[in-house]
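Enquirer: fold the following, please.
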Amino acid sequence: MAQKQITPQQRAALFAQMTRQNMQPISSVAGAENSRVTLNLPQTRLLHRTRLMVQATLNVKHASATNYVPAEFAPFTLVDNIRFEMNNGFAPVTLSGRQLYLHNMMRENADVLEVKPNGRGKNVQGLVASAAGTDNVIRFHLDIPNGLNDRDAIGLILLQNRETVANIHITFADRNALVKPGQTGYTLDIKNITVTPLVESFSIPQIPEALPDLSMLKLIQATSYDQAGAGDVVIKLPVSTTYRKLLFLVEDANGGVDESFIQSDIQLIFNQADTPYSVNPYHLASINHDQYGRPLPKGCWAFDFTYQGTINYSSGRDYVDTERLTEFWLKFKAAGACKISVVYEQLSRLR
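Expert: The predicted model follows:
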């Protein structure tokens, strides 16, 4: 007798009825500056997200100053690289700490990610210095999301089998990554670096019809581009996947640039001819403010194809499918030399 075919909507409804969310910690790992730690994810359930809490103590000493200026994007700059790896090779997520922070900002109520000098906030970096040396709390959170969003069972990773081994590798920078360059007379010491992971997963339903489609994988990657001088910037992005989000940061020698540095519309171009997006940088910054509830950091803009009145829960109407494209470009005119970092979230079907 042939097995009854069910629709994706029916499968999603069955999964919602027959699974439940789990949040479980795995052991904290001690780190050190200029070193790498590895987190081994448990081979159980369907992986949805890993929340990472990084903690450290930064002692700051200065003969006369009572505070210091943090580096741009600190404390996330303490993490030089995060790599979510499967089966000792394939890495769906490879980013720096600040790139993952920028990706995490593409959400509603992005103000919760603001770094505070003290208190119970999500992200904290103390900013006190003294002649005797003051211990400052460093605490920040970074999320590695594998699921599409908090509603749809797309992108989940089946860890409960012998074939799938998943690890997260974290490489730390040194203490100077936390402090703005050019400040003199300071003595820094960092200690007690730890990473505490919290794994969010879903239980595996008892009937096959309720198991979600596991053939879709979410990728979060980044690339960088150096522009030697004023003129057109053309960044050729990878094709053959489906783009959900595209964020880029433009920096000159002084850090993030303002809107006037971009001397043209910001364009996305398909196959060198079709330009579905051509947006003034001030307009795009305004749109991003509407979407995320706060301005993105200076020099940063995003095309968020998941937005249809709310972030991350769209029908996919505006996703950019590059499966049949030969070229996918980000293009604008820069006023001078700069470095561009591009962070993109994609969907890829396993073959």
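Enquirer: need the contact list for Ile157.
Expert: Applying C-beta atoms under 8 Å, 6 or more residues apart in numbering to Ile157 gives the contacts Leu46, Leu47, Met86, Asn146, Thr164, Ala166, Leu214, Leu217. C-betas here are computed from N, CA, C, even on glycine.
Enquirer: between the residues you listed, which is closest to Arg11?
Expert: Nearest to Arg11, judged by C-beta to C-beta, of those is Leu214 at 11.4 Å.
Enquirer: surely the closest one and Ile154 touch.
Expert: No: with contacts counted by C-beta atoms under 8 Å, Leu214 stays clear of Ile154, the gap being 9.2 Å.
Enquirer: tell me which of these two has more neighbours.
Expert: Taking neighbours as other C-beta atoms under 10 Å, Leu214 and Ile154 compare with Ile154 leading, 20 against 14.
Enquirer: so how many other residues sit close to the closest residue to the more buried one other than its chain neighbours?
Expert: Excluding the flanking residues, the one nearest Ile154 by C-beta to C-beta, 6 or more residues apart in numbering is Leu148, at 4.0 Å. By the measure other C-beta under 10 Å, the count of residues near Leu148 is 21.
Enquirer: in what helix or strand does Leu148 lie?
Expert: Element membership for Leu148 (DSSP states H and E) is empty, with no helix or strand holding it.
Enquirer: now do the same contact list for it.
Expert: Ile154, Gly155, Met216, Lys218, Asn312, Leu347.
Enquirer: if we go to 7 Å?
Expert: Residues counted as contacts of Leu148 (C-beta atoms under 7 Å, 6 or more residues apart in numbering) are Ile154, Gly155, Lys218.
Enquirer: over to Glu251?
Expert: Contacts of Glu251 were listed using C-beta under 7 Å, 6+ apart, and they are Val257, Gly299, Cys338, Lys339.
Enquirer: give me the secondary structure label for it.
Expert: strand (DSSP: H, G, I helix; E, B strand; the rest coil).
Enquirer: got the buried residues for stretch 204-220?
Expert: Applying a neighbour-count criterion of 16 or more other C-beta atoms under 10 Å, the buried positions in stretch 204-220 are Ile204, Pro205, Ala210, Leu211, Pro212, Met216, Leu217, Lys218, Leu219, Ile220.
Enquirer: which of those lies closest to Gly182?
Expert: Within these, the smallest distance to Gly182 is 32.2 Å, found for Ile220 (C-beta to C-beta).
Enquirer: what's the span of stretch 101-116 from first residue to last?
Expert: Across stretch 101-116, the terminal residues are separated by 15 Å (C-alpha to C-alpha, to the nearest Å).
Enquirer: next one: stretch 282-302
Expert: Chord length of stretch 282-302, first to last residue, is 12 Å (C-alpha to C-alpha).
Enquirer: could you do stretch 162-180 as well?
Expert: For stretch 162-180, the separation between the terminal residues is 46 Å (C-alpha to C-alpha).
Enquirer: ok, which stretches of the stretch 51-200 of the chain are strands?
Expert: 79-86, 90-95, 115-116, 123-125, 134-145, 157-158, 166-172, 187-202 (DSSP state E, counting those that start in this stretch).
Enquirer: dump these into a markdown table; add distance to Gln10 and mean pLDDT as well.
Expert: Converted to a markdown table, the strands of the stretch 51-200 of the chain look like this (distance: least, C-beta to C-beta, whole Å; pLDDT from 0 to 100):
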| stretch | distance to Gln10 | mean pLDDT |
| --- | --- | --- |
| strand 79-86 | 29 | 97 |
| strand 90-95 | 28 | 96 |
| strand 115-116 | 44 | 97 |
| strand 123-125 | 41 | 98 |
| strand 134-145 | 26 | 98 |
| strand 157-158 | 20 | 96 |
| strand 166-172 | 29 | 97 |
| strand 187-202 | 18 | 98 |
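Enquirer: which one of those strands lies closest to Pro70?
Expert: Per C-beta to C-beta, nearest to Pro70 of these: strand 123-125, 5.7 Å.
Enquirer: what lies in contact with that closest one?
Expert: 70, 74-75, 113, 115-118, 136-141.
Enquirer: now swap in stretch 27-39 and tell me
Expert: By C-beta under 7 Å, 6+ apart, stretch 27-39 touches 26, 167-175, 190, 193-197.
Enquirer: out of the residues you listed, which end up buried?
Expert: Ile168, Ile170, Thr171, Phe172, Ala173, Arg175, Ile190, Ile193, Val195, Thr196, Pro197.
Enquirer: any low-confidence regions in the stretch 151-300 of the chain?
Expert: Nowhere does the stretch 151-300 of the chain drop to pLDDT under 70.
Enquirer: dump the strands of the stretch 51-200 of the chain to a markdown table, plus distance to Tyr319.
Expert: Output for the strands of the stretch 51-200 of the chain, formatted as a markdown table (distance: least, C-beta to C-beta, whole Å):
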| stretch | distance to Tyr319 |
| --- | --- |
| strand 79-86 | 22 |
| strand 90-95 | 17 |
| strand 115-116 | 32 |
| strand 123-125 | 30 |
| strand 134-145 | 16 |
| strand 157-158 | 20 |
| strand 166-172 | 26 |
| strand 187-202 | 24 |
